[in-house]
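A.B. asks: Quick one: sequence plus predicted model below, questions after.
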Amino acid sequence: MTPEPKKENKSRIISVSLTGENLDAIKNLKRAGFAGTSEIVRAGIRFLTEEYKQGDLLRGDVEGVLITLSKERGSEEINCISHTFSDIVKTQLHTHLANRKCLQIFIIRGKGKRVRQLIENIKKNRMIDHVRFLSY
């Protein structure tokens with residue numbers, strides 16, 4: 001067996017395409033204290049990696065709270081998704097916020113695999129700005 005090559009920690013320059021909204025977010029994050037764009041991208045990758053690791057922990061019977069923040073017109077799409085997952089969505093609370101945003105809170109109870117499917121479906125939706133699942 002040949003040993004796996006060692007991964008280098010040396011930074012590389014890459015090219016990515018970003019929307020104007022993404023670039024504005026980067027500017028705001030720099031103002032908030034990030035040293036530069038590369039640091040923001042690395043922090044985002046670490047955050048997403050942790051999110052996916054948490055998803056891997058959703059096994060067996062799972063209970064938790066799912067919180068979403070979306071554009072107002074995204075609420076209908078969230079409702080369609082929640083109806084598809086009515087077997088695990090026990091309670092759903094919806095409220096309107098400022099700037100045409102909506103907050104939805106779901107009480108979730110079901111098998112980890114099904115909970116992961118729900119979270120992945122919601123995260124894929126472009127109308128949804130933020131998704132957090134807190135399990136207990």
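C.D. replies: It's in. Every value quoted in this text rests on a predicted model; they were computed, and no experiment measured them.
A.B. asks: Lowest average confidence across helices and strands of this protein, where is it?
C.D. replies: In the chain, the helix or strand scored least confidently by mean pLDDT, DSSP states H and E is helix 37-56, which has a mean of 80.
A.B. asks: Now do the same contact list for the spatially closest residue to residue 36 that is not a sequence neighbour.
C.D. replies: Sequence neighbours aside, residue 30 is the residue nearest to residue 36 in space, at 7.0 Å (criterion: C-beta to C-beta, 6 or more residues apart in numbering). (Each C-beta comes from the backbone N, C-alpha and C, glycine too.) Contacts for residue 30 (C-beta atoms under 8 Å, 6 or more residues apart in numbering) come out as 36-37, 40.
A.B. asks: Please identify which of those is nearest to residue 25.
C.D. replies: When the contacts of residue 30 are ranked by distance to residue 25 (C-beta to C-beta), residue 40 comes first, at 8.5 Å.
A.B. asks: residues near the closest one, how many?
C.D. replies: Neighbour count for residue 40, taken as other C-beta atoms under 10 Å: 18.
A.B. asks: you'd agree it is up against residue 34?
C.D. replies: Yes. Assessed by C-beta atoms under 8 Å, residue 40 is found in contact with residue 34 at 4.9 Å.
A.B. asks: Apart from its chain neighbours, what residue comes closest to residue 128?
C.D. replies: residue 70 (4.5 Å).
A.B. asks: Contact partners for the one you found?
C.D. replies: Contacts of residue 70 by C-beta under 8 Å, 6+ apart are 78, 101-102, 104, 125, 127-129.
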